[in-house]
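J.: just to be clear, the model below is a prediction. Sequence and coordinates:
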Amino acid sequence: MTILVNEMTDDYADNEALQKDIAVLNQQLDTCKLSLRELVNRANLKEGGTARPSDVETFIYQVTDQWQLLRPETNLQIHITSPDASPPIMIDATLQQAIVNILNNAADASPDRVSLEAGWNDREWFLKIRDYGDGIKEELVTLLGSRIFSDKEKGMGVGMILSQASINRMGGRILMTSHDHGGTVIEIFLPFEPLERSE
């Protein structure tokens, strides 16, 4: 794909409108290569015995603390909604990368402010990540995870597909909706796993 895009760049050098589209393709390819390299490097973490036990609240703060080092300009508001003790979970780096991808998309849409809500019940735990941008077109919601798409110049489809693949692999699901008061909400639901799975 990179070779074809490079050829198109040369063949249509005088077509300004097409060059803009080609630049978006190039950026998506770069994002795809980086994300895939990261996932390939970490894909066998569970099989290699390096999945580690944690609990929901600790994991959330670990991921968001690391992410804020990358996006310190974004005010991230965190709300833990469940009053019970934070339950144990098994985590690996692919899940962390998936959440980071979604947080990055949210910060791209609203650089000043992003909110994250987390909670759990007796079956699963969840994250709701909301941006305060323009929201996503309703016709694009149905494409979540099924194809590369974008409604902004930087694009978001590749990262979302990779994130959904990681979450689905862990038995979870991901939903995208437009918030009634503006912005987009990404909801992640993950089932609890017994700690014995790592043995």
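T.: Perfect, thanks for sending it.

J.: give me the domain ranges for this protein.
T.: 1-42, 48-198 (automatic domain parsing).

J.: ok now the first one, how far from the chain's centre?
T.: Centre-to-centre, domain 1-42 and its host chain are 20 Å apart (C-alpha atoms, centre = their mean, to the nearest Å).

J.: lowest-pLDDT helix or strand in this protein?
T.: Across the helices and strands of the chain, mean pLDDT, DSSP states H and E gives its lowest value to helix 138-141, namely a mean of 53.

J.: could you point out the helix or strand that follows that helix?
T.: Using DSSP states H and E, the next helix or strand after helix 138-141 towards the C-terminus is helix 157-169.

J.: same for that next one, what does it pack against?
T.: For helix 157-169, the packing partners by 3 or more C-beta pairs under 8 Å, 6 or more residues apart in numbering; DSSP states H and E come out as helix 16-42, helix 93-109, strand 173-178. From N, CA and C alone the C-beta is placed, and that goes for glycine too.

J.: elements contacting the second one?
T.: Under the contact criterion of 3+ C-beta pairs under 8 Å, 6+ apart, the helices and strands touching helix 93-109 comprise helix 16-42, helix 56-70, strand 113-120, strand 124-131, helix 157-169, strand 184-191.

J.: what angle sits between it and strand 124-131?
T.: Relative orientation of helix 93-109 and strand 124-131, computed by axes from the mean of the first three to the mean of the last three C-alpha atoms, to 10 degrees: 30 degrees.

J.: what mean pLDDT does helix 93-109 get?
T.: The average pLDDT for helix 93-109 rounds to 89.

J.: got the angle between that helix and helix 56-70?
T.: Helix 93-109 and helix 56-70 are oriented at 50 degrees to each other (the same axes, to 10 degrees).

J.: perfect, that will be all.
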